[in-house]
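K.L.:
Predicted model follows, preceded by the sequence.
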Amino acid sequence: MPGASLGEVIAALDARYDPALAEDWDAVGLVCGDPEETVRSVLFAVDPTTAVVDEAIESGVDLLVTHHPLLLTPVHGVPASDPKGRLVHRLVRAGIALFVAHTNADRAADHGVNDALAAAVGLVDPAPLETAPAPLTDTLVVFAPVAHADRLVDALSEAGAGTIGEYTRCVWQTTGTASFIPGDESHPAVGSQGNLERVTEIRLEMVVPRGRRADVLRALHAWHPYEDPGYAFFENSATPSRAGLGRVGELTSTLTLREFAERVAEVLPATASGVRVAGDPERLVQTVAVCGGSGGSLLGAAAAAGADVLLTSDLKHHPVSEAGESAGPALCEVTHYASEWPWLPVAADLLHRDLGARVQVAVSACRTDPWTWHVGSRDRSTEAVHLHRADSSAD
């Protein structure tokens with residue numbers, strides 16, 4: 001299998017999960033690894049735990065992609081005596097790179113964590129609950145000799161240019177004649193010093209996310225045959241985007257809240273705590289809001305969107321209690337891990353589609369939910385009544 005460079009894989013992931021969408025406090029991107037090294041196999045997981053690193057090493061993969069960061073809080077070193085540092089050392093010794101797509105994958109316009117969760121529970125045409133600002137883009141215009149145009153477009157595309165929605169390597173091309181006179185100190189790829197040259201060139205235009213401009217420029221200078229290529233960037237106007245937190249959509253048929261919770265339990269990974277529900281089991285559910293991970297902050301947005309239920313994780317006691325007293329949506333809570341797991345096969349399949357057969361992809365078999373078992377509560381209401389009566393008779 002020929003493989004792809006780690007830099008190419010990162011460019012493909014960043015094109016789908018723009019780092020500019022990540023929260024300011026987040027830590028996304030490459031944690032360890034050499035962008036020049038070859039990647040032939042990639043493993044996707046929710047968490048970079050010891051068990052997942054064990055699996056990556058045993059499987060012999062070249063890259064581990066996780067949703068949650070290993071080093072979310074600032075560190076001053078990664079000694080092997082530290083649990084997280086130990087994982088970094090193990091990965092480096094095994095030649096495995098680690099890459100993180102976290103809140104940028106949560107807020108992605110398509111194929112992100114929330115689209116995957118919405119699809120898993122059967123929502124139709126889901127829309128963001130909280131829209132993110134439209135990503136800023138520019139248009140790169142560059143002129144190149146006809147014979148070099150295709151390879152240059154390939155290099156610019158691999159660096160992040162030319163992605164529009166579901167389409168990659170998007171480029172507008174027009175052909176014309178360029179003329180120039182190389183100077184005495186020049187080293188022309190075409191023509192000779194002091195002589196007027198006329199060359200058939202192609203004008204290339206490609207959309208570039210503003211956060212990828214530096215990467216695209218590096219590729220341009222690396223692959224363009226001219227020592228001083230002619231190019232320019234033009235700012236694009238902001239366009240509406242589907243990027244944002246959460247999703248809200250419709251079920252294909254109305255369910256009771258009990259039936260919806262049973263569907264959630266069926267399609268998401270089994271966990272020790274299962275699915276917790278706040279609301280009338282017989283309440284009818286048609287409009288559903290979802291948010292992978294901690295989505296309690298979107299309860300107001302879900303209510304404003306007319307959702308009958310909000311499916312999310314990490315809900316706090318008081319908001320749930322207050323929601324039960326209001327006319328807002330019912331609540332379904334699953335573990336953080338379970339709500340984000342559906343993204344793994346989606347992201348893996350997307351990377352395979354973008355890079356083709358050069359790279360093998362797989363989803364971790366490890367369940368990384370930190371809650372591993374529970375003890376059921378015994379209903380002691382009857383016992384309490386009996387105790388009360390015994391105390392009264394003793395009087």
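P.N.:
Received the coordinates, thanks.
K.L.:
how near is the closest residue to Asp26 other than its chain neighbours to Pro48?
P.N.:
Spatially, and ignoring its direct neighbours in sequence, Asp26 is nearest to Thr103 (4.7 Å; Cβ to Cβ, 6 or more residues apart in numbering). Yep, even glycine has a C-beta here, placed from its N, CA and C like the rest. Distance from Thr103 to Pro48, counting by Cβ to Cβ, to the nearest Å: 16 Å.
K.L.:
rewinding a little: dihedrals phi and psi, the residue nearest to Asp26?
P.N.:
Dihedral angles of Thr103 (phi, psi; degrees, to the nearest 10) stand at phi -70, psi -20.
K.L.:
What's the local residue count around it?
P.N.:
Here the number of neighbours of Thr103 (other Cβ atoms under 10 Å) works out to 23.
K.L.:
Assign a three-state SS to Asp154, would you?
P.N.:
Three-state assignment for Asp154 (DSSP: H, G, I helix; E, B strand; the rest coil): helix.
K.L.:
The residue lying closest to it once chain neighbours are set aside: how many residues sit nearby?
P.N.:
Nearest residue to Asp154, sequence neighbours excluded (Cβ to Cβ, 6+ apart): Arg169, at 7.5 Å. For Arg169, the number of neighbouring residues by other Cβ under 10 Å comes to 14.
K.L.:
is it true that Arg169 touches Ser157?
P.N.:
Yes - counting by Cβ atoms under 8 Å, Arg169 does reach Ser157; the two are 4.4 Å apart.
K.L.:
so where do the helices sit in the stretch 51-200 of the chain?
P.N.:
In the stretch 51-200 of the chain, the segments counted as helices under DSSP state H, counting those that start in this stretch are 83-93, 103-106, 113-121, 149-158.
K.L.:
okay if I get those as JSON lines plus mean pLDDT and distance to Lys316?
P.N.:
As requested, the helices of the stretch 51-200 of the chain are arranged in JSON lines below (pLDDT from 0 to 100; distance: least, Cβ to Cβ, whole Å):
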{"stretch": "helix 83-93", "mean pLDDT": "95", "distance to Lys316": "27"}
{"stretch": "helix 103-106", "mean pLDDT": "96", "distance to Lys316": "19"}
{"stretch": "helix 113-121", "mean pLDDT": "98", "distance to Lys316": "20"}
{"stretch": "helix 149-158", "mean pLDDT": "95", "distance to Lys316": "44"}
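K.L.:
Including distance to Val267, could those helices go into TSV?
P.N.:
Formatted as TSV, those follow (distance: least, Cβ to Cβ, whole Å):
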stretch	distance to Val267
helix 83-93	31
helix 103-106	19
helix 113-121	5
helix 149-158	35
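K.L.:
quick one: which of those is nearest Asp62?
P.N.:
Of all these, it is helix 83-93 that lies closest to Asp62, at 10.7 Å by Cβ to Cβ.
K.L.:
So what's the gap between that closest one and the chain middle?
P.N.:
Between the centre of helix 83-93 and the centre of its chain there are 23 Å (Cα atoms, centre = their mean, to the nearest Å).
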